[in-house]
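>>> Predicted structure and sequence below. I'll ask about it afterward.
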Amino acid sequence: MPTCARSGAATGTTAVMSSPQSLIDDLESALRNGSTERRTEIMRRVADLFLGGCDDYSEAEVALFDDVIGRLISHIEHRALAQLSHRLAPIANAPARVIGCLARDDDIAVSGPVLKQSERLSDADLVEIAGSKSQQHLLKIAARARLNEVVTDVLVDRGDSEVANEVATNAGARLSNSAFSKLVMWADGDERLATAVAGRPDLPPHLIRQLLVRATDKVREHMLAATHPDAQDEIKKVIADISGQINKAVTPRYYAEAKLLVRSFSQDTAHTRRKLLEFADAYRLGETVAALSALSGMSVDLVDRLIHDPGHYGIMILCKAIGSDWRTAHAVMSIPRKGVEPRSLVTEDVYEEYHRLSVGTAQRLLRFWQVRQMKTAENELDDGVIVPRDVNAGAA
């Protein structure tokens, strides 16, 4: 139940309450000794009065309704609260504190309508709720007609696959580069999400190649269809380039020697961290991948896949997840790799993005991606599909 504290209601100081004075008297009586049914009936009558003239009420008059309804909502059942939420959600000047209480209710039947629709909720309200409530709450917020970056950042950070898809398909949602990077990474192995992200006209150009690398033919076709004709040639060129690289991949990349070397000291975590920086600074790709595998507990194959993606975000979350400082992360992301476009990593934006990313968030994203990749690999084996590996970067 909502737990918002309310002050006492005024009983005749404004014109709005002068005609329904009996409601005020009934309210005081119901709060003292009335039943839940009686309180619910009073609340409905007050809501009817508000909705009957809400277009003409001043802020002071709306505030009075806010106070009166607010005194009642902690004393009525959830079914009546859900009805109230549904009625108030589309009202632009709905009582703000009541809307705030309804939006924070754990019961999605109560909170859902206002989370999805009410204009009375600020970005700060939405960020707070998205940061602490259930996936159902996040899904309702993700469906709002307009969402600013500060809200979508939290939704993408905390949301599950359903929330991510809702955000990606919401034309009124504005996304930061960081949010886009996370969605592109999450889309690896999720055709529905990949199609949704590919269909966004605001997808940053530097992420298009990363999305295309792992996209299915269906997603690539969708990207071509959704792209302006003037830009389709560039998409086709990237697809042809990617296909050419895959066709050359006839032999798996082996890390046997690098794994043996790292295994000789991997029990000493601090030493392994120092060696990781040493390997990355020396552009020793095989040893770097093997050290990242040892520190993260991920297979060499999955680390290899992350480090060879065109974008920097996947390897960035891996470095953050194992607690690497910026010096080490930057060195790892800067290792030259054939078949991967050079990354302009010495930028303030990437530096700030790395420091904004928390270790906990990075670990959660990494686990999510890892599980998805393992499921994708299992499906490919079940279907008899052998995915060739790109060996252009060389083996250790």
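Good, I have the coordinates.
>>> residues of the helix or strand harbouring residue 157 that come out buried?
Assigned by DSSP states H and E, residue 157 belongs to helix 149-158. Neighbour counts over helix 149-158 (16 or more other Cβ atoms under 10 Å) mark 151-158 as buried. (Glycine included, C-beta is placed from N, CA and C.)
>>> got it, and stretch 288-306?
Here stretch 288-306 shows 288-296, 298, 300, 302-306 as buried, counting by 16+ other Cβ under 10 Å.
>>> quick one: which of those residues is nearest residue 173?
When the buried residues of stretch 288-306 are compared for distance to residue 173 (Cβ to Cβ), residue 306 wins out at 26.6 Å.
>>> give me the low-pLDDT residue ranges for the stretch 1-150 of the chain?
Applying pLDDT under 70 to the stretch 1-150 of the chain flags the ranges 1-35.
>>> what are the ranges of the helices in it?
With DSSP state H, counting those that start in this stretch as the criterion, the stretch 1-150 of the chain has helices at 21-33, 36-53, 59-72, 78-88, 96-103, 108-117, 123-130, 135-142, 149-158.
>>> Return the distance of the longest one from the chain's centre.
Between the mean C-alpha point of helix 36-53 and the mean C-alpha point of its chain there is a distance of 38 Å (Cα atoms, centre = their mean, to the nearest Å).
>>> do the fifth one as well
Per Cα atoms, centre = their mean, the displacement of helix 96-103 from the mean C-alpha position of its chain is 24 Å.
>>> That helix - contacts with which helices or strands?
Helix 96-103 sits against helix 59-72, helix 78-88, helix 108-117, helix 123-130, with contacts defined as 3 or more Cβ pairs under 8 Å, 6 or more residues apart in numbering; DSSP states H and E.
>>> could you dump these to TSV with distance to residue 201 and mean neighbour count?
Output for the helices and strands packed on helix 96-103, formatted as TSV (distance: least, Cβ to Cβ, whole Å; neighbours: other Cβ atoms under 10 Å):
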stretch	distance to residue 201	mean neighbour count
helix 59-72	38	20
helix 78-88	33	20
helix 108-117	24	23
helix 123-130	23	18
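>>> any idea which helix or strand carries residue 274?
Counting by DSSP H and E, residue 274 is found in helix 269-281.
>>> Go through the buried residues of helix 149-158 and name the one nearest residue 195.
Relative to residue 195, and with distances defined as Cβ to Cβ, the nearest of those is residue 156, at 16.9 Å.
>>> Pull the contacting residues for the closest one.
Applying Cβ atoms under 8 Å, 6 or more residues apart in numbering, one finds that residue 156 lies in contact with 163-164, 167, 175, 179, 182-183.
>>> Now do residue 173: how many residues are near it, please.
For residue 173, the count of nearby residues is 24 (other Cβ atoms under 10 Å).
>>> Assess the claim that it and residue 152 are in contact.
Yes - contact criterion Cβ atoms under 8 Å: residue 173 and residue 152 qualify, at 5.3 Å.
>>> Now for the two: what residues contact both?
With Cβ under 8 Å, 6+ apart as the test, residue 173 and residue 152 both reach 142, 167.
>>> right, and the helices and strands packed on helix 96-103 - which one's nearest residue 314?
Nearest of these (Cβ to Cβ): helix 123-130, 24.0 Å.
>>> pull the CA atoms of the closest one into PDB?
The C-alpha trace of helix 123-130 is given here as PDB (Å, rounded to 0.1, in the frame of the first residue of the first chain):
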ATOM      1  CA  ASP A 123      12.600  12.200 -14.800                       C
ATOM      2  CA  ALA A 124      13.800  12.100 -11.200                       C
ATOM      3  CA  ASP A 125      10.700  10.100 -10.200                       C
ATOM      4  CA  LEU A 126      11.200   7.700 -13.100                       C
ATOM      5  CA  VAL A 127      14.900   7.200 -12.400                       C
ATOM      6  CA  GLU A 128      14.200   6.500  -8.800                       C
ATOM      7  CA  ILE A 129      11.400   4.000  -9.600                       C
ATOM      8  CA  ALA A 130      13.400   2.300 -12.400                       C
END
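>>> Counting by contacts, list what that helix packs against.
Counting contacts by 3+ Cβ pairs under 8 Å, 6+ apart, helix 123-130 packs against helix 96-103, helix 108-117, helix 135-142, helix 149-158.
>>> quick one on the thing from earlier: make JSON lines out of the helices and strands packed on helix 96-103 and add distance to residue 222.
Listed next are the helices and strands packed on helix 96-103 as JSON lines, based on distance: least, Cβ to Cβ, whole Å:
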{"stretch": "helix 59-72", "distance to residue 222": "46"}
{"stretch": "helix 78-88", "distance to residue 222": "36"}
{"stretch": "helix 108-117", "distance to residue 222": "27"}
{"stretch": "helix 123-130", "distance to residue 222": "28"}
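>>> Tell me which of the ones you listed approaches residue 98 most closely.
Taking Cβ to Cβ, helix 59-72 is the member of the helices and strands packed on helix 96-103 nearest to residue 98, at 5.0 Å.
>>> Break the chain down into its structural domains.
Per automatic domain parsing, the structural domains of the chain span 17-121, 176-247, 256-382.
>>> isn't residue 207 right next to residue 311, touching?
Yes - with contacts counted by Cβ under 8 Å, residue 207 reaches residue 311, the gap being 6.0 Å.
>>> which residues are common contacts for the two?
181, 184.
>>> Give me the more crowded residue out of these two.
More neighbours surround residue 311 than the other of residue 207 and residue 311, with 23 against 20 (other Cβ under 10 Å).
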